[in-house]
Structure formats: C-alpha cells, structure tokens
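*Asks:* Sharing a model that was predicted from the sequence below.
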Amino acid sequence: MTADQPGTAVYVYGIVPAAETIEVESPGVGEAGGGVRSVVQGAIAALVSDVEAGPLAAARGLRGHWGVLEEAVSKTTVLPVRFGTVLESETVLVEEYLGARHDQLAAQLEELAGKVQLTVKGFYDEERLLRGVVERSPAVARLSQGVRGKPEAATYYDRIRLGELVAGEVEQAREGDAALVLGRLEPLALAARREPPSTRDGAVHAAFLVERGRIDEFSRAVSELAAEVEGRMQLRYLGPLPPYSFTEEESVAWA
Amino acid sequence: MAVATGGGYLERPRPSGLADVIDVILDKGLVIDAYVRVSLIGIEILTIDARIVIASVDTYLRFAEAVNRLDIAQSDDSQGLPELMESMTEGGSKSKTKGALEGAKEKLGIGDDDEDEDTGDKDDGEKEERRTRRRSSRSSKSDDE
C-alpha cells in the first residue's frame, strides 16, 4: 500500500476491530487534506494520520485527536492510544506494534465490544463545603481566626497547617461522596473505576463501563442521584467515551 | 445511542467538551513502546504536567486563603483580603508554574464554554474583589486595626 515516505511519520489515534472498519470524517491532527485512514493488520486496525515529522501544534493536535476518538466511539469499539503518539512509519507501526501486540489488542477489543465508558464527575460548591468544614472543626476555626489579617511572613506555617487540616476534611467528604456515587451506579455497570478528582472543587470522578443497550437505564440512575445531591454537589455526566479507564495499559516504563 | 425520555437535567450524558476530558486524553490510553515511538507532540504537554508539581503546598495555601475569605465575608472586616491576594500572586516559583500552566491551557484553547474547572482562580479573585469593593463603599468607614 502506502510506501513509507521520508520526512513523514504516522500519528496513531486508536485501535479498532478490522471487521468494523469505519470511515472517519473528522480532520484529525494533520495538515488540511490528509485525513484519517486505517492501517489493517489481521483482526485489528489502527486509525492514523500521515503527519510531517517534527512537532505538531498542540492546540490543533489535541482537538484533532479528540475529534477522531469521539467519532470513532460513536461508530465502533476503540482502544484509545495516548495523545501525541507518533511512529516513524507505517512499517514500524505494523511490525513493531500491530503485529507484535496483535493478539492482546484483539482480545481487548473483543472484551470491550458493545460497551462504552460513561463518566460521572461531582463538584462541590466550594464556599458551602468550606463553611461546613469551619463549622465542624474547632481546630480549623481557631487557626483561621489566628492567621486572619496578619502579614504573610508571620503566618506562613500556620496557613499551611490550616490548609492541610482543611484538605484533610475535604478528603473525608470526597471519600463519603465517592462511596455514595459508586454504590448507586456500580450495580448498573459491568465495571467501575474511581479516578482522582482533577480540580480543587472536584468531589468524585468515577468511570463506568456500560453496555450500549443499558445507557438509558444508567442515565436515569445518574439523573436521580443528581437530584438527590443537588445543592451540595453538582454532577456532570459525560460520554459515551472510549474506554479509557478500562483499557489495559502496557507495562512500559517511560521516563 | 443514548436517547433521553424526559430531556431534563442529566437525562443523558453530555457531549464531552475538551475541558471535561482533558485529563483522560493526556493521562490515559495505550502507550506504545518508547523505542518505536518518534515523539510526543510539543513541549506544551510537559508544561501541563506541572499541575502535579503545584499540587501540595500550593493547594494547602489556596485552601487556607479560601477559608479566610469566608471569615472576611462574614465579618465586616475587609482588611485581610488585599494582603492575601497579594501573597497568592507573589510567592516565587509556584506562581510562575501556575502561570505557565494557564498559558498552556490558553494555547490549547480549552475552558472556552461553561467549564468550572478552567475558569480558574483569576475569576474567583476578581469576583471577590468586586464584592469587597461593594462592601467597603457601603460601610464607608472601615476602622483600621
């Protein structure tokens, strides 16, 4: 097929079943016109773009990368590849990756067929959360009183201590809410993974592997839960996503 | 795909904005062995990893500041705030790290819609300043301690 061309490289988005090869319309990360194509090897195929060797623009790259994966998950099962993965050539892709990992990747695709990831994130109203902490914890209230209005240098360690205590209280709240969310939604999913909240006001971040046919049922449960915790915690509900949290990572240590 | 029956709040998953999924995109996915890989895109990505660096002490300090803002809002004392704001914007390398991080996020063009996650501290700060100003103009005479 395509001969390897000097000066070009192959950007890899994800791995899909070869039997369900899809046409991807999203432009991808490359310069205009390149588009996204499939490189088939046995039962699996990689979604790729041909790119110039050398750094790509990160902004377009990230959007392009996500655009392709989002479209792919709407059409088939896709194992997402880490953002920014560029291989030297199609030959290298086929021989060193698709060929070398074929059975393992094919097995994963089979296992995940017909399933998608749905993600639920909870966020606290920070002011409300912190007021609760101050009311509950005399130590926090006392330290907070102590540092107020004093110069920074004089209270540096007190402020760290104060923040540390608060962080501990917030952590406890997170534990409780994660248990609530998982307890309610996990029974409707095939698997669940808890991820660390990524922002300071983040309460819960949980990923669920759900059969496509049960998305509606799952959605109703999320909706009920959202109503229940309203005011205290705001839920966001995302998906269907590629099964990021359920894709086995290669055991490769990279510096 | 997901079809909502009621069409109400959270009846079905939202199409994911980039900001909602930035963490999974950057942190997860199959890693192809380093020796066949040419490169990861751009240095900006490394900058984003700075979010891990700023996590600990900076987080504690920001919690402390946020709690203090509560106190200030409760009492009529608007004194401590400018100092606290200042102490947050100074502080050497950690705020530089944060600056770089936000710069990278801008470059990536995320946080464009209604994302709470990315509107960040600047907005909080501005809001807080406005509130303070309103308060101090109302109670025009604030006694200095």
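*Replies:* Structure received.

*Asks:* what are the phi and psi values for whichever residue of chain A sits closest to chain B?
*Replies:* Using CB to the nearest CB, the single residue of chain A nearest to chain B is residue A:163, 3.2 Å away. For the C-beta atoms, the positions are set from N, CA and C on the backbone; glycine is no exception. Phi and psi for residue A:163, reported as degrees, to the nearest 10, are phi -60, psi -40.

*Asks:* how close does it sit to residue A:10?
*Replies:* 47 Å (CB to CB, to the nearest Å).

*Asks:* on that earlier part again, now do the residue of chain A closest to chain B, the pLDDT please.
*Replies:* Reported pLDDT at residue A:163 in the predicted model: 91.

*Asks:* Over to residue A:176?
*Replies:* 94.

*Asks:* What of residue B:44?
*Replies:* 43.

*Asks:* what's the answer for residue A:222, then?
*Replies:* For residue A:222, the model assigns a pLDDT of 96.

*Asks:* Can you give me the neighbour number for it?
*Replies:* 23 (other CB atoms under 10 Å in any protein chain shown).

*Asks:* three-state assignment of it?
*Replies:* helix (DSSP: H, G, I helix; E, B strand; the rest coil).

*Asks:* That one contacts residue A:235, correct?
*Replies:* Yes - contact criterion CB atoms under 8 Å: residue A:222 and residue A:235 qualify, at 6.8 Å.

*Asks:* chain center to stretch A:227-236: distance?
*Replies:* 21 Å (CA atoms, centre = their mean, to the nearest Å).

*Asks:* again, but for stretch A:61-70
*Replies:* 13 Å.

*Asks:* got the contact list for residue A:21?
*Replies:* Neighbour list for residue A:21: A:38, A:40, A:45 [criterion: CB atoms under 8 Å, 6 or more residues apart in numbering or on different chains].

*Asks:* For those, which single residue is the most surrounded?
*Replies:* residue A:45 (23 neighbours).

*Asks:* Quick check: phi and psi at that one.
*Replies:* Torsion angles, degrees, to the nearest 10, at residue A:45: phi -140, psi 150.

*Asks:* and it, what are its bridge partners?
*Replies:* For residue A:45, the beta-bridge partners under DSSP bridges are residue A:16, residue A:40.

*Asks:* How much space separates the residue of chain A closest to chain B from residue B:65?
*Replies:* Separation of residue A:163 from residue B:65 (CB to CB): 8 Å.

*Asks:* Which residue ranges make up each domain of chain A?
*Replies:* A:8-113, A:116-246 (automatic domain parsing).

*Asks:* how about stretch A:119-129, does it reach chain B?
*Replies:* Yes - against chain B, stretch A:119-129 shows contacts by CB under 8 Å from any CB of the partner chain at A:119, A:121, A:123, A:126, A:127.

*Asks:* Burial check on the third one, number of neighbours?
*Replies:* Summarising burial for residue A:123: neighbours were counted as other CB under 10 Å, giving 20.

*Asks:* Where does residue A:192 sit, in terms of helix or strand?
*Replies:* strand A:191-194 (DSSP states H and E).

*Asks:* what lines up beside that strand in the sheet?
*Replies:* Partners of strand A:191-194 in the sheet, by DSSP bridges, are strand A:202-211 (antiparallel).

*Asks:* Next up, the contacts around residue A:95.
*Replies:* Residue A:95 neighbours (CB under 8 Å, 6+ apart): none.

*Asks:* Residue A:36 versus that one, what's the distance?
*Replies:* 21 Å.

*Asks:* nearest spatial neighbour of residue A:29, skipping sequence neighbours?
*Replies:* residue A:64 (3.8 Å; CB to CB, 6 or more residues apart in numbering or on different chains).

*Asks:* ok, that neighbour - contacts?
*Replies:* A:26, A:27, A:28, A:29, A:30, A:49.

*Asks:* Helix, strand or coil: sort out the closest residue to residue A:71 other than its chain neighbours for me.
*Replies:* Ranked by CB to CB, 6+ apart and with sequence neighbours excluded, the top spatial neighbour of residue A:71 is residue A:26, at 4.8 Å. With three-state DSSP as the basis, residue A:26 sits in coil.

*Asks:* What of residue A:129?
*Replies:* The assignment at residue A:129 comes out as helix when based on three-state DSSP.

*Asks:* ok, now the one 5 residues further on?
*Replies:* Here residue A:134 takes the helix state, with states given by three-state DSSP.

*Asks:* Can you get me a residue count around it?
*Replies:* Neighbours around residue A:134, by other CB under 10 Å: 18.

*Asks:* Does it touch residue A:144 like I think?
*Replies:* Yes - counting by CB under 8 Å, residue A:134 touches residue A:144, with 6.4 Å between them.
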